[in-house]
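**Q** Dropping a prediction and its sequence here:
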Amino acid sequence: MTDTPSDTPELDPQEIQSPEELVRGMTVSQRGLLLALVIFTGLMVYLLGPVLTPFLVSMVLAYLGDPIADRLENLGLGRTTAVCTVFAFVILLLVLALLVVIPGTVRQLHHAIQLLPELGNWLQTTLVPWLSQYVDIHPELFNLKDLSATLSGEWQKTGSLLKYVGGAIGGSTMTVITFFTNLFLIPVVTFYLLRDWDRLIANVGQMIPRNLAPTVSTLSNECDDVLASFLKGQLIVMCLLGLTYGLGLWLVGLQFAMLVGLIAGLASIVPYMGFIVGIGVALVMALFQFDTWLPVGGVVIVFMIGQMLEGMVFTPLLVGDKIGLHPVAVIFAIMAGGQLFGFTGVLLALPVAAVIMVLLVHLYGNYKGSHLYHASNES
C-alpha cells in the first residue's frame, strides 16, 4: 500500500523543528516503520542482553574515543594510525593503573578493613559521646567489629585470583568462556567501530527519510551535546577530581588518601555527590588518625580547592555551558535501566535519558506556546 497525499499534512522539511512537528511530518508508513523498529529494538535488547553487552561497551568506548581520533586526523594522521595511537595511549593508562593505582588501592582497602574494629571503638568512645550532647544516638550503631570480620572473611575467600578463577572454571565453564570471549571481543570490536565510526554515522544518516532528515539531524546533534557534556566531560572531571583529592590528601598525610580520592572521584558521577561523600569519609579518617586539628583543616582545604577547581576550571573547560543531565535523572536512568535490562540497560541508560531529555525540552517549549497553556476561562 502506498501513501496518499491525505496521509500527512504538507510540511516544508526545513520548518520541522520539534518532535511534535516531526511526527506530524511523517507519513503513515513511516510511523508504522518507526513503531516496529522501537518494538523490535526493545525486544532484541531484552532477549539478547548478555550477547549485546560487549558490543554496547565497545560502542561507548568508540563514542568516547572518536573526538580524540578526529583531532589526530586533523593533525595529519590517517584514520587507522589515529585509532592505533588512541589504543596505545589507552593501553599505557591501563598498564599504569595495573602497576601503580590498583595495587596501592587494594592494599589501602585491605588495611582499612583490618582497622574497622579500631575505628568502631574510636567512634563509640570519642565521637558518639560528643554527638550525644546534641542528638540522641546509640553507641552500638557504630559497632564495626562484625562488619570487619565479615569483610575480612570475604577478602580471604577472594584473596587468591588463581584460586577464584579455578573455582569458577570448575563451577561454570561456560561462564568463564563467555567472560574471556567478551574480554577479547571488546578491544577488537572497539577498534573497528572507532576506525569506521564517522562512516557508520554517515551511513545511518543516509538511511533517514529525506523529508525527516533536517529535524532528525538537529535533534541528534542536541542529544549528542547533552550526552557528550555529561558522559565525556563528567568522566574526565571524575578522574581529575579523584586525582586532585587523592594527591591533596596524600600531601596532608591522610593514611587512606588514594582510597578516599578514588571514592570521591567515582561518586562525582553525580555532581556534588563526590564532594559530600569524599569530605565526609576524609574528615572521619582524619579525626581518627590525627591528634591535632591542623590536618583536619588541611582536609577541608583540599576539598574546597577541589570544588573550586571543578566549578571554575574543570567543568567550564570540559563540559562548558551545554545542557547536562540532572543528577536525579542520572540516578533514575541508571537504576531503571538496570532493573529492566540488567547491565545492558545500565549501558543504554544515559544515551536513552539524553534522547528523552531533549525530546521533553522541545515538548515543554511547544506546550508553553500552545493553547493548552494559554487557555482562558472563557467558555
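**A** Cool, got the structure. Just so you know, these numbers come straight off a predicted model, no measurement behind them.
**Q** make it CA atoms for all contacts and neighbour counts henceforth
**A** Noted.
**Q** for the protein, longest helix please?
**A** Of all segments of type helix in the chain, defined using DSSP state H, the longest is helix 327-368.
**Q** After that one, which helix or strand is next? Please name it.
**A** Scanning forward in sequence from helix 327-368, with DSSP states H and E defining helices and strands, the next element found is helix 371-374.
**Q** residues touching residue 345, list them.
**A** Contacts of residue 345 were listed using C-alpha atoms under 8 Å, 6 or more residues apart in numbering, and they are 334, 336-339.
**Q** What score does it have for pLDDT?
**A** At residue 345 the predicted local confidence, pLDDT, stands at 78.
**Q** That one and residue 50: what is the separation?
**A** With distances taken as C-alpha to C-alpha, to the nearest Å, residue 345 is found 11 Å from residue 50.
**Q** so residue 58 makes contact with residue 184?
**A** No - taking contacts as C-alpha atoms under 8 Å, residue 58 lies outside contact range of residue 184: 11.2 Å.
**Q** Among those two, which residue is more densely surrounded?
**A** Set residue 58 next to residue 184 and count neighbours by other C-alpha atoms under 10 Å: residue 58 wins out with 22 against 12.
**Q** Following the chain onward from the helix or strand encompassing that one, which element is next?
**A** Using DSSP H and E, residue 58 sits within helix 49-74. Proceeding C-terminally, helix 49-74 gives way to helix 79-96 as the next helix or strand, assigned by DSSP H and E.
**Q** Would you mind listing the buried residues in that following helix?
**A** Judged by neighbour count using 16 or more other C-alpha atoms under 10 Å, the buried positions of helix 79-96 are 79-80, 82-87.
**Q** Using TSV, lay out those residues together with pLDDT.
**A** Rendered in TSV, the data for the buried residues of helix 79-96 read as follows (pLDDT from 0 to 100):
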residue	pLDDT
79	85
80	88
82	88
83	88
84	89
85	90
86	87
87	85
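**Q** Switch these over to CSV; also include distance to residue 95.
**A** As requested, these are exported to CSV (distance: C-alpha to C-alpha, whole Å):
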residue, distance to residue 95
79, 24
80, 22
82, 20
83, 18
84, 16
85, 15
86, 14
87, 12
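**Q** Show me which of those is closest to residue 238.
**A** Closest to residue 238 out of these is residue 86 (20.1 Å), distances taken as C-alpha to C-alpha.
**Q** Could you measure from the closest residue to that closest one other than its chain neighbours over to residue 58?
**A** Beyond its immediate neighbours in the sequence, the residue positioned closest to residue 86 (C-alpha to C-alpha, 6 or more residues apart in numbering) is residue 69, lying 6.7 Å away. When distances are taken as C-alpha to C-alpha, residue 69 and residue 58 turn out to be 15 Å apart.
**Q** Check residue 259 too.
**A** For residue 259, the distance to residue 58 (C-alpha to C-alpha) stands at 28 Å.
**Q** ok, back up a step: show the buried residues in the contacts of residue 345.
**A** A residue is treated as buried here by neighbour count (16+ other C-alpha under 10 Å); on that basis the buried members of the contacts of residue 345 are 334, 337-338.
**Q** could you pull out the helices for the stretch 201-350 of the chain?
**A** Assignment of helices within the stretch 201-350 of the chain using DSSP state H, counting those that start in this stretch yields the ranges 213-227, 233-252, 257-267, 273-289, 294-309, 315-318, 327-368.
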